[in-house]
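1. got a structure for you, letters missing:
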């Protein structure tokens, strides 16, 4: 989330670690039109119409930063069956910890069994915009479907039709036999 990248972050909102104290502070961020367009391209979405988040940041000690947030987004995904646009409203709570910071020699004890995500920080700031972007990607429906869209094997089968679509020549006789 905050380490070196080969591309620039589309929705970057850097926060200096030193500006975060032990008392929780709330940051509200919202993606602009260009940022939403770039994120939609990154995630393979037709559109992101809205993306905002409220994030509570605190630093209980040392270079450990706690982030708890709630994101809200309105996106357009492509139906996995028909490729039709599927509008979706996404709301998700998230929590993560940033460890490390400006001092490369800082040692941080990381608990591998902790429930929230731990992000190693190699600089003097964290990027809460990138955190929100990644949380949005995780919260998206991986298999969006347009209303009524179904795969061919999910459609009700007509006993008078072969699986390859050809009509069964003696289907009428089966009905007479059942009488």
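-> Received it, and whenever you're ready, just let me know what you need. The model shown is predicted, which means the values in this text are computed figures rather than measured ones.
2. quick one: the strands in the chain?
-> Ranges of strands in the chain, per DSSP state E, are 14-16, 25-30, 47-61, 64-78, 85-100, 117-121, 125-127.
3. check these for me and report the most buried one.
-> Compared across these, strand 125-127 shows the largest average neighbour count, a mean of 22 (mean count of other Cβ atoms under 10 Å). Backbone N, C-alpha and C define where each C-beta goes, glycine included.
4. rounded mean pLDDT for that strand, please.
-> The average pLDDT for strand 125-127 rounds to 92.
5. if we can go back for a sec, right, so of the strands of the chain, which gets closest to residue 139?
-> strand 85-100 (4.0 Å; Cβ to Cβ).
6. could you say what helices and strands the closest one packs with?
-> With contacts taken as 3 or more Cβ pairs under 8 Å, 6 or more residues apart in numbering; DSSP states H and E, strand 85-100 sits against strand 64-78, strand 117-121, helix 128-139.
7. quick one, what contacts the nearest residue to residue 44 once chain neighbours are set aside?
-> In this structure, residue 44 finds its nearest non-sequential neighbour in residue 78, 7.9 Å apart by Cβ to Cβ, 6 or more residues apart in numbering. Residue 78 makes contacts with 44-46, 84-86, 144, as judged by Cβ atoms under 8 Å, 6 or more residues apart in numbering.
8. switch to 10 Å and redo it
-> Contacts for residue 78 (Cβ atoms under 10 Å, 6 or more residues apart in numbering) come out as 44-46, 84-86, 144, 146.
9. likewise residue 136?
-> Residues counted as contacts of residue 136 (Cβ under 10 Å, 6+ apart) are 11, 31, 39, 43, 45, 48, 51, 53, 71-73, 75, 90, 92, 94.
10. do you know how far it is from residue 22?
-> The gap separating residue 136 from residue 22 is 29 Å, by Cβ to Cβ, to the nearest Å.
11. returning to that earlier point: quick check, nearest of the contacts of residue 136 to residue 151?
-> So of the contacts of residue 136, ranked by how close each gets to residue 151 (Cβ to Cβ), first place is residue 45, at 21.8 Å.
12. pretty sure the closest one contacts residue 76?
-> Yes - Residue 45 lies in contact with residue 76 (Cβ atoms under 10 Å); the separation is 6.3 Å.
13. quick one on the thing from earlier: mind putting the helices and strands packed on strand 85-100 in a markdown table, distance to residue 27 included?
-> Conversion of these to a markdown table gives the following (distance: least, Cβ to Cβ, whole Å):
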| stretch | distance to residue 27 |
| --- | --- |
| strand 64-78 | 9 |
| strand 117-121 | 16 |
| helix 128-139 | 6 |
